[in-house]
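Engineer: A predicted structure for the sequence below; I have some questions about it.
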Amino acid sequence: MEYYPQKLLVIYGFKYDKKAAEFDPIEWMAALISHIPDRGAQTTRYLGYYSNAARGRQKKEDSQPEYHIIEYDVPGGLNRSLASIK
């Protein structure tokens, strides 16, 4: 961020981008103030797995079956333990 008081100009360079944005000092202050929550307001940011986008993708994936259940005819019934199978 660079401030030029002679020109009344604020230039903000983004962290990972080569572009820069130019602001009037009043516009810059308004942009900064918009990120400050109201007094007593609760701000919760969900990132990663808990974000809205991730939860939406998960909901779509859950609606479609990921596997198919195949039932075999096992002689002796389904309660047979694995140790007794030869």
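Structural biologist: Okay, I see it.
Engineer: where does this structure have low pLDDT?
Structural biologist: Low-confidence segments of the chain (pLDDT under 70): 63-86.
Engineer: in it, where's the longest helix?
Structural biologist: In the chain, ranked by residue count with DSSP state H as the criterion, the top helix is helix 52-63.
Engineer: check which helices and strands that helix sits against.
Structural biologist: If you count contacts as 3 or more C-beta pairs under 8 Å, 6 or more residues apart in numbering; DSSP states H and E, helix 52-63 packs onto no helix or strand. In this view, the C-beta of every residue, glycine as well, is placed from N, C-alpha and C.
Engineer: and that helix, how far out from the chain middle?
Structural biologist: 12 Å (C-alpha atoms, centre = their mean, to the nearest Å).
Engineer: over to stretch 13-33?
Structural biologist: The chain centroid and the centroid of stretch 13-33 are separated by 24 Å under C-alpha atoms, centre = their mean.
Engineer: so which bits of that stretch are buried?
Structural biologist: Residues of stretch 13-33 classed as buried: F23, W28 (neighbour count, 16 or more other C-beta atoms under 10 Å).
Engineer: what about it, start to end distance?
Structural biologist: 18 Å (C-alpha to C-alpha, to the nearest Å).
Engineer: E27 belongs to a helix, doesn't it?
Structural biologist: Yes. Counting by DSSP: H, G, I helix; E, B strand; the rest coil, one finds E27 located in a helix.
Engineer: if I look at it, how far off is P37?
Structural biologist: With the distance defined as C-beta to C-beta, to the nearest Å, E27 ends up 20 Å from P37.
Engineer: using CSV, write down the CA coordinates of the longest helix of the chain.
Structural biologist: Only the C-alpha atoms of helix 52-63 are listed here, as CSV (Å, rounded to 0.1, in the frame of the first residue of the first chain):
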residue,chain,number,x,y,z
ASN,A,52,-20.5,-23.3,2.0
ALA,A,53,-18.9,-24.5,-1.2
ALA,A,54,-17.4,-27.6,0.4
ARG,A,55,-20.6,-28.5,2.2
GLY,A,56,-22.6,-28.0,-1.1
ARG,A,57,-20.2,-30.4,-2.9
GLN,A,58,-20.5,-32.9,-0.1
LYS,A,59,-24.3,-32.7,-0.2
LYS,A,60,-24.3,-33.4,-3.9
GLU,A,61,-21.9,-36.4,-3.5
ASP,A,62,-24.0,-37.8,-0.7
SER,A,63,-27.2,-37.8,-2.8
